[in-house]
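In: Just to be clear, the model below is a prediction. Sequence and coordinates:
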Amino acid sequence: MNPDLQRLQAYPFEKLAKLKAGATPPADLAHIALSIGEPKHAAPAFVRDRLIAHLDELSNYPVTKGMDTLRQVIASWLNRRFNLHTAAINPETQVLPVSGTREALFSFAQAVIDRTQQPLVLMPNPFYQIYEGAALLAGAEPYFMNTTQANNYLPDFDSIPAEVWRRCQLIYTCSPGNPTGAVMPLAQLQQLITLAEKYDFIIASDECYSELYFDETRPPPGLLEAAQSLGNTEYKRCVVFHSLSKRSNLPGLRSGFVAGDAGILADYYRYRTYHGCALPPPIQHASIAAWSDETHVRENRQLYQQKFRRVIELLQDVLPVTQPEGGFYLWPKLPVSDEQFTRDLFAQQNITVLPGRYLSRDAHGENPGANYIRMALVADLAQCEEAALRLQRFCQNL
Ligand SMILES: Cc1ncc(COP(=O)(O)O)c(C=O)c1O
C-alpha cells in the first residue's frame, strides 16, 4: 500500500459522525443540517432539459479536452466576468473542463509537484481538506497559513519566511473562502503573483464560490484579473478553478474547469489523459447551457441574500454572526468549545453544525478553527429561519 495514505486525516464528516454518536435529539423536532456545504436550491430546469436532450451521446467516448464549444463558452464567461479585455483567454490552450473542482484541486498537485525537491504546498488554515490530502499524496509537506480574525480571515503573505517561499512549489488560495467567506482583495492577489514570480511557484486559486456574493456592484476579484492588471497577460504561474456546483446549484453534475497558464495546462492535460476523467457528453452540453446564462445565477444570489439577512437578524443577539463577503457559510466564534456546542445543539435542538477545528490544524502555536462553528445556509429560507429560532433558544440557555 502507498504509505502516504496513512498520513491522510479523517474527513470532517467522519469526525462529526463520531461526535454525534450516542446523542438522541428530541423526536418532535425535524433534523436540520447546517453542516454540509451542499447547495440545496433547485437545479435550473433548462440545464436539466439540455442534459436529457443529449442522452443519446452517451454512446460516444468523450475527449479529455472537452468540446470546442464548451471551452469557448467558458473562455467567454471568464473574459466577461473578470474583464479580461487585454488578454482574452484562449479556449484552445488556456481552458480545461474538469469533473468539478474537487478532483481537479487534487489531481493538479499530483501533476505539478516535483517530489525530489523537498516541496512545500501552502494553503489557508482552516481550509478545504482536499488541499492537504493533495499535497500529502503528491509527496509534499503542507504549510498552513492561519486565517484569523486578526488578519481579516485572509492569509498574511508578509509573515511567511523567505525560506518557506523558496521551497514553495504550489499555493492553494480560496476566495471567497470556505469557511470564512473572506474575499481576497485585488491588491493581495497582485502581491501573491509578484511573490510567485520572485520564487517561481504556481498559484492554484480556488474560486468555486466566486459567484455567491452579497453586493451586486462588487463581485469578488479573481486571480486572472489580477494577473492581467500586472501585465502578466499570459497568466504565467496562475491557474484558477471554477465550478457549476455552487454557482448554478449543480453539485451532482460534477462540472467545472481550470484556466490560466497554457504551459502548466499542457502538462496538466497530459496528466489528465491518463487520469481518465473526461466529462460525459450530456454533461458537457448541460454545462454549455449553464455557463451561458446569468439570470439563474443572479436569482440564486438573491435567495442567499434573503437567507443571510434573516438569519443574521435572528442570531445577532446570541452569536457573533456577521455578513460574509461571499460564499454561503456563517463562521461565528463561540464562547465555549466548538465540539461541545455542536454535540449539545444536536442533542437539544436536532441541528447539525460543523466544529471549526474539523476544518483546521494546529499551526504556529494555535488552531484557528478551534471554538468556531461553520453553518452552511443551504436549506430553504423557512428551514434556515427555523434553525435560527432554535439556535436562539439554545444559545439563551448556554
Ligand atoms: C473550497 C471548496 N473548493 C472546492 C469544492 C469542490 O466543489 P466541486 O467539486 O463541487 O466543484 C468545495 C466544495 O464544497 C469547496 O468548498
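Out: Sure, I can see it.
In: ok, now which ones touch His242?
Out: 78, 101, 207-208, 210, 256-259 (C-beta atoms under 8 Å, 6 or more residues apart in numbering). All C-beta atoms are positioned from the backbone trio N, CA, C, and that covers glycine.
In: Just say helix, strand or coil for it.
Out: strand (DSSP: H, G, I helix; E, B strand; the rest coil).
In: Show me which residues of the stretch 251-398 of the chain sit near the ligand.
Out: 251, 256 (C-beta under 6 Å from any ligand atom).
In: what about the stretch 251-398 of the chain, any weak spots by pLDDT?
Out: Within the stretch 251-398 of the chain, no stretch has pLDDT under 70.
In: All the strands of this structure, residue numbers only.
Out: Ranges of strands in the chain, per DSSP state E, are 32-33, 95-98, 120-125, 141-146, 168-174, 202-206, 238-243, 256-260, 329-330, 351-352, 354-355, 373-376.
In: most packed of those?
Out: strand 256-260 (a mean of 28; mean count of other C-beta atoms under 10 Å).
In: For that strand, name the packing helices and strands.
Out: Counting contacts by 3 or more C-beta pairs under 8 Å, 6 or more residues apart in numbering; DSSP states H and E, strand 256-260 packs against helix 68-81, strand 95-98, helix 101-112, helix 223-229, strand 238-243, helix 262-275.
In: go with 7 Å
Out: Strand 256-260 sits against helix 68-81, strand 95-98, helix 101-112, strand 238-243, with contacts defined as 3 or more C-beta pairs under 7 Å, 6 or more residues apart in numbering; DSSP states H and E.
In: coming back round to it: which one of the contacts of His242 is nearest to the ligand?
Out: Using C-beta to the nearest ligand atom, Thr101 is the member of the contacts of His242 that sits closest to the ligand, with 3.6 Å.
In: burial of that closest one, as a residue count?
Out: 27 (other C-beta atoms under 10 Å).
In: got a list of what it touches?
Out: The contact partners of Thr101, taken as C-beta atoms under 7 Å, 6 or more residues apart in numbering, are 206, 208, 241, 243, 256.
In: doesn't Phe106 make contact with the third one?
Out: To tie it back to what came earlier, the one meant is Phe241. No - using C-beta atoms under 7 Å, Phe241 and Phe106 do not qualify as a contacting pair, with a distance of 10.8 Å.
In: For the stretch 1-150 of the chain, what lies in contact range of the ligand?
Out: Residues of the stretch 1-150 of the chain lying near the ligand (C-beta under 6 Å from any ligand atom): 37, 100-102, 128.
In: Please enumerate the helices of this structure.
Out: 12-20, 45-53, 68-81, 101-112, 130-137, 162-167, 186-199, 223-229, 244-247, 262-275, 281-291, 295-315, 338-349, 381-396 (DSSP state H).
In: Count the neighbours of Gln306 for me.
Out: 13.
In: do you know how far it is from Ala109?
Out: 38 Å (C-beta to C-beta, to the nearest Å).
In: now swap in Asn350 and tell me
Out: 38 Å.
In: ok, and for stretch 259-279, which residues are buried?
Out: 259-262, 264-265, 268-269, 272, 275, 277-279 (16 or more other C-beta atoms under 10 Å).
In: can you redo the residues you listed as JSON lines with distance to Arg237?
Out: Formatted as JSON lines, the buried residues of stretch 259-279 follow (distance: C-beta to C-beta, whole Å):
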{"residue": "Ala259", "distance to Arg237": "13"}
{"residue": "Gly260", "distance to Arg237": "8"}
{"residue": "Asp261", "distance to Arg237": "6"}
{"residue": "Ala262", "distance to Arg237": "12"}
{"residue": "Ile264", "distance to Arg237": "8"}
{"residue": "Leu265", "distance to Arg237": "12"}
{"residue": "Tyr268", "distance to Arg237": "13"}
{"residue": "Tyr269", "distance to Arg237": "17"}
{"residue": "Arg272", "distance to Arg237": "19"}
{"residue": "His275", "distance to Arg237": "22"}
{"residue": "Cys277", "distance to Arg237": "24"}
{"residue": "Ala278", "distance to Arg237": "26"}
{"residue": "Leu279", "distance to Arg237": "26"}
